[in-house]
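In: With the input below, show me the fold.
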Amino acid sequence: MDELHVVLGATGGAGNAVLGELLARGKRIRAITRLAPSRAAPEVEWRSVDALNTADLERACDGASVVYHCVNVPYAEWETKIVPIADSAMNAAAKAGATLVIMDNLYMYGPVTGPILETTPHRPAGPKGRLRDELERRYLAAHCAGTVKLTIGRASDFYGPVGLSSALLLAVDPVLRGKRASWIGDLDAPHTMSYLPDVGWGLVTLGERPAALGDVWHMPAAEPVTGRQFITMVCEAAGKPVRMGVITRPMMMLAGIFDPQVREALEVYYQFAQPFMMDASKFTRAFGSRITPHADAIKATLAARVQRASAAGA
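Out: Next up, the predicted model:
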């Protein structure tokens, strides 16, 4: 209980999941966000800090045993903010003598054929993928130089109680509002979907295992599903008629004229236009796994999002 676990980006999807897992394990927690939430677990110490402010972040991480870097920013801000935030997180963890656990995605691999392994060559499809590739090299170089102890956990597209992922915004939330669900690309291409509480379990597990240091790990997820399967499960769990549509690349290009987030997302359209499946067998062999079946995860996601919407409207 004396060990302090600091979560950067604690109100985002991954950060919130890490908080939940740490609370379940009875850890002492400090949560870092730009704005502390009005409703928060009393067991958690909240601090409002801008992750770009290195000095403030170092003070916020003082005394930490493990720091979880779960900060993200809108696509349009990646080029200017992602690397400085990464450097700030590494500096803060290094000064505290803490292990840094980094939440990462799969953009650096680019279009692939077959399951994606940690050893899959990096062939990024655009600037965001190249940036994630640069970050991996930056992180691992700092670890190899002895500057900071760190490990990298990767997950595929998120869904869960909290977050702004495409699955939540296009499929889950519209169904709850009685509207038609949408899916990007091919409704019948299998895709790995990562349930956020399982991601939280994976990141906290990496933070506890010295054997994880200095390496990249794909975190366990349930079996790949197609968009058609995912939306059908969502509709059935919500007691709604199964209705779905497809968002094509030309549709995204048109929407991107008016919406910079959609315009930036075009780079990773390939992830939904063909099979995109992550292999986490390396993690499972080393540390085991905790995987929630999609049917159970979707029911829990729907219940949580209904509750959050109700609380927000209260």
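In: Run through the helices of the stretch 201-314 of the chain in chain order.
Out: 227-238, 249-256, 260-265, 270-273, 281-287, 294-313 (DSSP state H, counting those that start in this stretch).
In: can you redo these as TSV with mean neighbour count?
Out: For every residue, glycine as well, the C-beta is placed using N, CA and C. Formatted as TSV, those follow (neighbours: other Cβ atoms under 10 Å):
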stretch	mean neighbour count
helix 227-238	20
helix 249-256	14
helix 260-265	16
helix 270-273	20
helix 281-287	15
helix 294-313	15
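In: how deep is P115 tucked in, by neighbour count?
Out: P115 has 16 neighbours, counted by other Cβ atoms under 10 Å.
In: Check the gap between it and R177 for me.
Out: 35 Å (Cβ to Cβ, to the nearest Å).
In: just K149 next, same as before
Out: 45 Å.
In: which of the two has more neighbours?
Out: Applying other Cβ under 10 Å to K149 and R177 shows that K149 carries more neighbours, namely 19 against 10.
In: Which strand residues bridge that one?
Out: With DSSP bridges as the criterion, K149 is bridged to T99.
In: can I assume it is in contact with L100?
Out: Yes: here K149 reaches L100: they are 6.8 Å apart, a contact under Cβ atoms under 8 Å.
In: Tell me the buried residues in stretch 21-29?
Out: For stretch 21-29, burial by neighbour count (16 or more other Cβ atoms under 10 Å) applies to 21-22, 27-29.
In: Pretty sure N72 sits against A10.
Out: No: using Cβ under 8 Å, N72 makes no contact with A10, being 11.9 Å away.
In: more neighbours, those two?
Out: Shown here are N72 and A10; by other Cβ under 10 Å, A10 has more neighbours (26 against 20).
In: Grab the nearest non-local neighbour of that one.
Out: A31 (3.6 Å; Cβ to Cβ, 6 or more residues apart in numbering).
In: quick one: low-confidence parts of the stretch 1-150 of the chain?
Out: Low-confidence segments of the stretch 1-150 of the chain, defined by pLDDT under 70: 1, 38-40.
In: Spell out the residue ranges of the helices in it.
Out: Using DSSP H, counting those that start in this stretch, the helices assigned to the stretch 1-150 of the chain run over residues 13-24, 54-60, 78-96, 127-144.
In: for the ones you listed, which one ends up most surrounded?
Out: helix 13-24 (a mean of 24; mean count of other Cβ atoms under 10 Å).
In: Find the nearest non-adjacent residue to the residue of the chain most remote from its centre, please.
Out: Going by Cα atoms, centre = their mean, the residue of the chain most distant from its centre is P241, 29.4 Å out. Among residues not flanking P241 along the chain, C235 sits closest, at 6.6 Å (Cβ to Cβ, 6+ apart).
In: do you know how far the one you found is from T151?
Out: Counting by Cβ to Cβ - C235 and T151 are separated by 38 Å.
In: can you check D198 too?
Out: In terms of Cβ to Cβ, D198 sits 17 Å off from T151.
In: and if you look at G9?
Out: Applying Cβ to Cβ to G9 and T151 gives a distance of 17 Å.
In: go on, D50?
Out: For D50 relative to T151 (Cβ to Cβ), the value is 25 Å.
In: Looking at those two, which one has more neighbours?
Out: Between D50 and T151, counted using other Cβ under 10 Å, T151 has the larger neighbour count: 23 against 14.
In: Just confirm that one is within a strand.
Out: Yes: assessed by DSSP: H, G, I helix; E, B strand; the rest coil, T151 belongs to a strand.
In: Now do it, the pLDDT please.
Out: Turning to T151, the model gives it a pLDDT of 98.
In: so what's it closest to, chain neighbours aside?
Out: Looking at T151 with Cβ to Cβ, 6+ apart, the closest residue is A212, at 4.3 Å.
In: dump the residue contacts of that neighbour.
Out: 151, 205-206, 286-287 (Cβ atoms under 8 Å, 6 or more residues apart in numbering).
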